[in-house]
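Chemist: make a model of this:
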Amino acid sequence: MSNVRPTLNCPYCNTAGQKTAEYRRLITFKCPKCGHEWSTLKMPSKETKQKFIS
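Modeler: Presented below is the predicted three-dimensional model:
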């Protein structure tokens, strides 16, 4: 799971996506070029990870 990265660019045309919605653990994007919508998981920051570890 450590090699998973959030997809900020459109998986089809590789254009930078515009954030349309943000939930607790999910971010939804929409491509301004082709109109494709996709979601990605929020990656916790290092500070958040340290809180869970300790």
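
Chemist: ok, Lys42 - contacts?
Modeler: For Lys42, the contact set (CB atoms under 8 Å, 6 or more residues apart in numbering) comprises 6, 24-27. For every residue, glycine as well, the C-beta is placed using N, CA and C.

Chemist: can you find the helix or strand in the chain with the smallest mean pLDDT?
Modeler: Lowest by mean pLDDT, DSSP states H and E among the helices and strands of the chain is helix 46-53, with a mean of 60.

Chemist: taking the contacts of Lys42, please make a ChimeraX selection of just the buried ones.
Modeler: The buried residues among the contacts of Lys42 can be selected in ChimeraX (16 or more other CB atoms under 10 Å) with this line:
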select :27
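
Chemist: what's the most distant pair in the contacts of Lys42?
Modeler: Pro6 and Arg24 (14.8 Å; CB to CB).

Chemist: on that earlier part again, so which of the contacts of Lys42 are in strands?
Modeler: 26-27 (DSSP state E).

Chemist: CSV for the contacts of Lys42, including pLDDT and distance to Ala16?
Modeler: Putting the contacts of Lys42 into CSV (pLDDT from 0 to 100; distance: CB to CB, whole Å) gives the following:
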residue, pLDDT, distance to Ala16
Pro6, 66, 13
Arg24, 87, 24
Arg25, 87, 22
Leu26, 90, 19
Ile27, 90, 13
